[in-house]
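Undergrad: sequence plus predicted model, see below.
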Amino acid sequence: MEVRRAKTAGFCFGVSLALEKLDAEVEKHDAKIATLGPIIHNPQVLERYEKQNVRCLKNAEEADANERVVIRAHGIPRETETTLTKACKDVVDATCPKVKRAQLGIHSMISKGCFLLLYGEKDHPEVRGLMSYAGDRAFLFNSLEELKNFPLSADIDYCLAAQTTQDREEFARIDEYLQTQLAERLQVLNTICNATRERQQEAIAIAQEVDAMVVVGGYNSGNTRRLADVSRAQGCLTFHVEKSEELSASDFKGMKVVGLTAGASTPRSVIDATEEFLTKL
């Protein structure tokens with residue numbers, strides 16, 4: 001079977017940088033290493049670090065005084081970072097630069113008196129970090145419909161921002177709606193990562209030309225789920241899997257061309273294995 005593999009599939013800059021920082025700390029052999037939460041959202045990568053005795057902390061209070069703790073690529077809340085700094089030997093910040101830029105941008109807008117309207121997923125670690133920079137001056141929503149139910153005040157300036165891996169087209173619709181409601185009282189932060197936009201656009205283009213799409217990546221990876229979402233939105237049969245073993249030849253019976261893409265935290269080895277499986281069908 002013919003496989004059309006997305007050129008953008010796999011690690012983005014922020015993920016690669018975070019893993020490089022963690023690898024550098026592991027190679028020092030001068031302290032115990034831990035991460036606060038999963039360094040990225042991919043089970044194969046996390047298993048590899050577990051075998052290297054890298055501990056994954058559920059919260060900052062679990063850190064030991066003799067541990068060096070690496071902050072995950074998604075970032076963490078401000079107050080958590082303060083707690084962590086006091087609890088462990090040293091802190092290494094591996095927050096994605098795009099996420100860090102979003103955090104600081106939100107903090108700047110809040111310091112100017114704005115109220116934050118954040119488009120994102122409630123339980124996502126990146127979103128928890130972003131919200132911490134706004135304090136209690138923020139409203140989190142996951143759809144335009146949800147936002148429309150939020151009462152906007154006539155005497156407040158607002159700031160619109162988004163989780164870095166959100167759908168850019170939906171964000172544009174949200175922006176357009178708020179412009180009609182707030183006009184000059186709205187400040188918009190362009191926080192959606194270009195890598196996210198490029199991956200989604202390529203997934204859309206491929207999905208329009210193939211019999212089915214395969215999206216490879218962690219089930220808890222927000223950007224991977226959205227690649228599957230935008231593919232399905234094209235009317236294309238879409239499979240979201242974490243590894244090729246979850247696929248079956250019967251899934252592709254009668255098909256000639258299949259598309260393949262992957263989330264920004266999916267290792268090349270996993271993508272290669274999936275391509276090999278599909279090519280042999």
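TA: Yep, that arrived.
Undergrad: quick one, helices of the chain?
TA: 13-28, 43-51, 78-87, 97-111, 125-132, 144-148, 168-182, 194-207, 222-232, 268-279 (DSSP state H).
Undergrad: in TSV, list these along with mean neighbour count, mean pLDDT and distance to residue 262.
TA: Any C-beta I mention is one placed from the backbone N, CA and C, and that applies to glycine too. As requested, these are arranged in TSV below (neighbours: other C-beta atoms under 10 Å; pLDDT from 0 to 100; distance: least, C-beta to C-beta, whole Å):
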stretch	mean neighbour count	mean pLDDT	distance to residue 262
helix 13-28	17	95	11
helix 43-51	15	94	12
helix 78-87	15	93	29
helix 97-111	18	97	19
helix 125-132	22	96	19
helix 144-148	13	97	28
helix 168-182	15	95	19
helix 194-207	20	93	9
helix 222-232	23	93	7
helix 268-279	17	97	5
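Undergrad: output those helices as CSV; include the columns distance to residue 64.
TA: Listed next are these as CSV, based on distance: least, C-beta to C-beta, whole Å:
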stretch, distance to residue 64
helix 13-28, 15
helix 43-51, 17
helix 78-87, 8
helix 97-111, 26
helix 125-132, 22
helix 144-148, 41
helix 168-182, 41
helix 194-207, 35
helix 222-232, 30
helix 268-279, 32
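Undergrad: looking at those, which is closest to residue 70?
TA: Of all the helices of the chain, the one in closest proximity to residue 70, counting by C-beta to C-beta, is helix 13-28 (5.1 Å).
Undergrad: got the contact list for that closest one?
TA: For helix 13-28, the external contacting residues (C-beta atoms under 8 Å, 6 or more residues apart in numbering) are 11, 31, 33, 35, 39-40, 45, 49, 52, 54, 68, 70, 72-73, 92, 94-99, 193, 195, 264-265.
Undergrad: the nearest residue to residue 181 once chain neighbours are set aside and residue 145, how far apart?
TA: With sequence-adjacent residues excluded and distances taken as C-beta to C-beta, 6 or more residues apart in numbering, residue 181 is closest to residue 152, at 5.7 Å. When distance is defined by C-beta to C-beta, to the nearest Å, residue 152 is 15 Å away from residue 145.
Undergrad: the residue nearest to residue 181: neighbour count?
TA: By other C-beta atoms under 10 Å, 16 other residues sit near residue 152.
Undergrad: give me the phi and psi for it.
TA: The phi/psi pair for residue 152 (degrees, to the nearest 10) reads phi -90, psi 140.
Undergrad: so it touches residue 177, yeah?
TA: No - Residue 152 is beyond contact range of residue 177, at 10.5 Å (criterion: C-beta atoms under 8 Å).
Undergrad: compare the helices of the chain and give me the one nearest residue 62.
TA: Nearest of the helices of the chain (C-beta to C-beta): helix 78-87, 8.4 Å.
Undergrad: among the helices of the chain, which is nearest residue 214?
TA: Ranking these by proximity to residue 214 (C-beta to C-beta) places helix 268-279 first, at 6.3 Å.
Undergrad: output the contacting helices and strands for the closest one.
TA: On a contact count with 3 or more C-beta pairs under 8 Å, 6 or more residues apart in numbering; DSSP states H and E, helix 268-279 meets strand 2-5, strand 212-216, strand 257-262.
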